[in-house]
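Peer 1: with the input below, show me the fold.
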Amino acid sequence: MPVAVLLLVAALVAGADPAPAGITFFGLDTTMLTLASVALMLGGFVKGAIGVGLPVVAIAVLSNFLPVPLLLAIVAIPILMTNLWQAIDAGNPKRPFTRFWPMILCLLVLIWFSARLVVDLDPRILYGLIGTSVLLFVISSYFRVDWNVPPSAERWAGPLAGLLGGFLGGISTIWGPPMMIYFVMLRLPKEDYIQAVGLVWFIASIPLVIAYVRYGILTAETAVLSLLACIPGFVGLAIGQALRKHINQQAFTKLLLLFLFLVSLNLLRRAIF
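Peer 2: Numbering: from 1, shown residues only. As a prediction, this is how the structure comes out:
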């Protein structure tokens, strides 16, 4: 699959030492700017193809080279804007909002309040728990364990997914897996899934950006760099969206499970070293 190949290329790139360059822009040399652009384009491509993945892919590559505060600042506005574009492009945001607003509300509340716990929790424990749960879900889905959420259970299952996602998001910025799993268990059609993810992820990214501004991560200078980072992110997004329209439902589900599998392995890696 093209996404798997691109992720493999990114992993190989991440293992290489970039050569020094004399020209700098916002404190980054041309080699780092090129690497950042490629990582953001790759992340945008994955997001366009399966609905999620820009921050996961970009951070997986660039965390090997950039300090965390700068990395978070670079991806902040691309996350916000690509999620907004995805929500608009899918059309009719009122429908997923009407269905999932209890989950969205729980997500926002927990993101805001659980952020205070960051300094008290060993992130390796968190990554291990998330990675294990996602890996178990992928294995059970691959071997056709029939997990689903009936309509009668949505009133409590949705808020539960939002609370779990918000808690994890506040202390790690990783709010996606619980809600991605929930959407898959709902058996959402491909485009409905993309629409729901675009809307929920956009709304969730708003308090994230506010928090980055509040804590001095996203400053006037880094905001310019983050805005420029939207360019490669949107190029990759457009390519991925064009590809997605030619993928059938079965192939889409397999692609989504592949992505979750790669995410789980990366999370487990971060839990160990």
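
Peer 1: can you give me the helices for the stretch 1-150 of the chain?
Peer 2: 2-14, 30-50, 54-62, 68-90, 94-114, 123-142 (DSSP state H, counting those that start in this stretch).

Peer 1: right, so of these, which gets closest to Asn266?
Peer 2: The closest of those to Asn266 is helix 54-62. By CB to CB, the value is 5.7 Å. Quick note: C-beta positions are derived from backbone N, CA and C, even for glycine.

Peer 1: now do that closest one against helix 30-50, angle only.
Peer 2: 150 degrees (axes from the mean of the first three to the mean of the last three CA atoms, to 10 degrees).

Peer 1: kindly export helix 54-62 (C-alpha atoms) in PDB.
Peer 2: Only the C-alpha atoms of helix 54-62 are listed here, as PDB (Å, rounded to 0.1, in the frame of the first residue of the first chain):
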ATOM      1  CA  LEU A  54      -0.800  14.400  10.100                       C
ATOM      2  CA  PRO A  55       0.600  15.000  13.700                       C
ATOM      3  CA  VAL A  56       1.400  11.400  14.300                       C
ATOM      4  CA  VAL A  57       3.500  11.000  11.100                       C
ATOM      5  CA  ALA A  58       5.200  14.500  11.300                       C
ATOM      6  CA  ILE A  59       6.000  14.100  15.000                       C
ATOM      7  CA  ALA A  60       7.300  10.500  14.500                       C
ATOM      8  CA  VAL A  61       9.900  11.900  12.000                       C
ATOM      9  CA  LEU A  62      10.700  15.300  13.400                       C
END
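
Peer 1: the residue lying closest to Leu135 once chain neighbours are set aside and Leu105, how far apart?
Peer 2: Nearest residue to Leu135 in three dimensions, chain neighbours excluded: Ser264, at 3.9 Å (CB to CB, 6 or more residues apart in numbering). According to CB to CB, to the nearest Å, Ser264 and Leu105 sit 28 Å apart.

Peer 1: kindly report the same for Ala115.
Peer 2: Taken as CB to CB, the span from Ala115 to Leu105 is 17 Å.

Peer 1: more neighbours, these two?
Peer 2: Applying other CB atoms under 10 Å to Ala115 and Leu105 shows that Ala115 carries more neighbours, namely 20 against 16.

Peer 1: residues in contact with the residue nearest to the more buried one when sequence neighbours are not counted?
Peer 2: Of all residues not flanking Ala115 in the chain, Gly170 sits nearest, at 4.2 Å (CB to CB, 6+ apart). Contacts for Gly170 (CB atoms under 8 Å, 6 or more residues apart in numbering) come out as 110-118.

Peer 1: what about the helix or strand hosting Gly170, distance to the chain center?
Peer 2: Using DSSP states H and E, Gly170 maps to helix 154-172. How far helix 154-172 lies from its chain's middle: 15 Å, per CA atoms, centre = their mean, to the nearest Å.
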